[in-house]
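1. Turn this into a model:
(one chain, ligands or ions: 1)
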Amino acid sequence: MSRPQKLPFQTIHPLVIRPAEDGMIASVASVSYTPHNISNGDSRRRRWSSNTDSNFFQSFSTFSVPSTDDEYTAARNRRITCACVAPPQDFTPAKYLGPHRTEDLAVSEELGYESDVLIECRDVYKSFGEKHILRGVSFKIRHGEAVGIIGPSGTGKSTILKIMAGLLFPDKGEVFIRGRRRHGLISDDEISGLRIGLVFQSAALFDSLTVRENVGFLLYENSTMSEDQIAKLVTETLAAVGLKGVEDRLPSELSGGMKKRVALARSIIFDTTKDAIEPEVLLYDEPTAGLDPIASTVVEDLIRSVHMKGEDALGKPGNIASYVVVTHQHSTIKRAVDRLLFLHDGKVVWQGMTHEFSSSTNPIVQQFASGSLDGPIQY
Ligand SMILES: Nc1ncnc2c1ncn2[C@@H]1O[C@H](COP(=O)(O)OP(=O)(O)OP(=O)(O)O)[C@@H](O)[C@H]1O
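-> Okay, here's the model as predicted:
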């Protein structure tokens, strides 16, 4: 890919996306390049250069701009899978041929780490200027888990999600992906063994692309699948999240709940022609924010349905190995997750199963659960 033109930092299009060599993951770097420079042109990307795709790009507007060639190269080589662009993976044991086979997902003393741990944050610190947001956050996300991260506003829940996704550097501390220490942001070789998808609160669809183009985006870009194959797979994936006949619509023609479903479809579609498949962890940032109670229930059930322990709208088991949900909503806590991490004052101050939350004697948890103004959490 030729180096794209640099634009001023203020641009709302601060991304460059590059098809990965293995054809499955897009490289997304937080730099100020226009999206029409994303890669060598292709008729299937005919509307890609539109200036209206602001939702998607705004999600990344806070990241740094590389100023040197080295930084540019580093940025170019970072890889993340965002729900907005990533094709997650099938994790059926029969298809999974990688070094970490399903049967190996058990505690392994010899390897020095528990091999069912997909992501581990160990003593993570993060500050923004004088604001010390994370001050020693530690937790593990295990294979098969459905974890919620809760806590007061501004406590760093989205920040830790971005650190897990490899979109932000921790200032101090370590992030392990399947036992391998990640050095800073996600880089090409370090992603292998696990796909990490981030589902943004806004759904972050490309405004100027149809639902079909949004959902099939990465397959059009990176796979060897034919347009017909992709279109068929898009229709099947949309059906799995309970949507039919919306392929030709633009995001502006969808309700908020439908947009979230489309974003989810985009995050769970994967190249069915590939053999070796890695497990995937999906990270949801406030997936039910702004939805009415019934629409929230629909999304909560959808999150469950694409998990490997769930069943999608077509009755097939889901493909997502584990997921993490940042949420404020009680219904989402109760319905969509099994285990909770409570973040406060830069640390995990409580963790436990969802059913233990309301009976906890921890004063911080009690205040949060009751919504009381009196207690250790001060606004
Ligand atoms: N890129 C950034 N630059 C400067 N400050 C930031 C940046 N990202 C986050 N912050 C600040 O860090 C703090 C934590 O933000 P974060 O979004 O992680 O909190 P949160 O717990 O998810 O909040 P909420 O529940 O309100 O969504 C906030 O004060 C926020 O303003």
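2. What distance do you get for Val124 to the ligand?
-> 12 Å (Cβ to the nearest ligand atom, to the nearest Å). All C-beta spots, glycine's among them, are computed from the backbone N, C-alpha and C.
3. What sits closest to that residue if chain neighbours are left out?
-> Spatial nearest neighbour of Val124, chain neighbours left out: Gly173 (3.6 Å); criterion: Cβ to Cβ, 6 or more residues apart in numbering.
4. Assign the one you found to helix, strand or coil.
-> Following DSSP: H, G, I helix; E, B strand; the rest coil, the label given to Gly173 is strand.
5. mind listing what it touches?
-> 121-125, 136-138 (Cβ atoms under 8 Å, 6 or more residues apart in numbering).
6. In JSON lines, list the residues you listed along with pLDDT and secondary structure.
-> Output for the contacts of Gly173, formatted as JSON lines (pLDDT from 0 to 100; DSSP: H, G, I helix; E, B strand; the rest coil):
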{"residue": "Cys121", "pLDDT": "95", "secondary structure": "strand"}
{"residue": "Arg122", "pLDDT": "95", "secondary structure": "strand"}
{"residue": "Asp123", "pLDDT": "96", "secondary structure": "strand"}
{"residue": "Val124", "pLDDT": "96", "secondary structure": "strand"}
{"residue": "Tyr125", "pLDDT": "96", "secondary structure": "strand"}
{"residue": "Gly136", "pLDDT": "96", "secondary structure": "strand"}
{"residue": "Val137", "pLDDT": "96", "secondary structure": "strand"}
{"residue": "Ser138", "pLDDT": "96", "secondary structure": "strand"}
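7. can you list those in a markdown table and add neighbour count?
-> Output for the contacts of Gly173, formatted as a markdown table (neighbours: other Cβ atoms under 10 Å):
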| residue | neighbour count |
| --- | --- |
| Cys121 | 22 |
| Arg122 | 15 |
| Asp123 | 14 |
| Val124 | 25 |
| Tyr125 | 15 |
| Gly136 | 15 |
| Val137 | 24 |
| Ser138 | 14 |
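8. which one of the residues you listed is nearest the ligand?
-> Proximity of those to the ligand (Cβ to the nearest ligand atom) peaks at Val137, which lies at 11.2 Å.
9. If the closest one is in a bridge, with which residues?
-> Beta bridges link Val137 to Val124 when assigned by DSSP bridges.
10. how near is the residue nearest to Val124 to the ligand?
-> Taken as Cβ to the nearest ligand atom, the span from Gly173 to the ligand is 16 Å.
11. do the same with Ser267
-> Counting by Cβ to the nearest ligand atom, the gap from Ser267 to the ligand is 20 Å.
12. neighbours of Arg261, just the number please.
-> Counted with other Cβ atoms under 10 Å, residues neighbouring Arg261 total 24.
13. quick one: contacts for the residue nearest to it when sequence neighbours are not counted?
-> Distances taken as Cβ to Cβ, 6+ apart place Val241 nearest to Arg261, at 4.5 Å, with adjacent residues excluded. By Cβ under 8 Å, 6+ apart, Val241 lies in contact with 261-262, 264-265, 268, 302, 305-306, 312-313.
14. can you rerun that using 7 Å?
-> 261, 264-265, 302, 313 (Cβ atoms under 7 Å, 6 or more residues apart in numbering).
15. What about Arg142, how many residues nearby?
-> Arg142 is flanked by 17 other residues according to other Cβ under 10 Å.
16. Check the one 10 residues further on too.
-> Each residue near Pro152 was counted by other Cβ under 10 Å, and the total is 18.
17. okay but it is in contact with Ile377, surely?
-> Yes. Using Cβ atoms under 7 Å, Pro152 is in contact with Ile377, at 5.4 Å.
18. any shared contact partners between the two?
-> His344.
19. Which secondary structure element is home to the nearest residue to Ser252 once chain neighbours are set aside?
-> In this structure, Ser252 finds its nearest non-sequential neighbour in Asp207, 6.6 Å apart by Cβ to Cβ, 6+ apart. Using DSSP states H and E, Asp207 sits within no helix or strand.
20. so where's the stretch 51-200 of the chain shaky on pLDDT?
-> Counting by pLDDT under 70, the stretch 51-200 of the chain contains low-confidence ranges at 51-113, 184-192.
21. hmm, 90 instead?
-> 51-116, 153, 165-169, 176-200 (pLDDT under 90).
22. Which parts of it are helices?
-> 54-58, 69-77, 157-165 (DSSP state H, counting those that start in this stretch).
23. same for the strand or helix carrying Ala295, what does it pack against?
-> Secondary structure assignment for Ala295, by DSSP H and E: helix 293-305. Where contact means 3 or more Cβ pairs under 7 Å, 6 or more residues apart in numbering; DSSP states H and E, helix 293-305 is packed against helix 256-268, helix 330-336.
24. angle of the longest one against helix 293-305?
-> With axes from the mean of the first three to the mean of the last three Cα atoms, to 10 degrees applied, the angle from helix 256-268 to helix 293-305 works out at 10 degrees.
25. contacts for whichever helix or strand comes after helix 256-268?
-> Downstream of helix 256-268, the first helix or strand assigned by DSSP H and E is strand 280-285. Outside strand 280-285, the residues that touch it by Cβ under 7 Å, 6+ apart are 83, 88-89, 91, 118-119, 141, 158, 161, 164-165, 194-201, 267, 303, 319-326.
26. so of the residues you listed, which ones are in strands?
-> 118-119, 141, 195-199, 322-326 (DSSP state E).
27. Residues of the stretch 101-250 of the chain that sit close to the ligand?
-> Neighbours of the ligand within the stretch 101-250 of the chain, by Cβ under 6 Å from any ligand atom: 128, 131, 133, 153-159.
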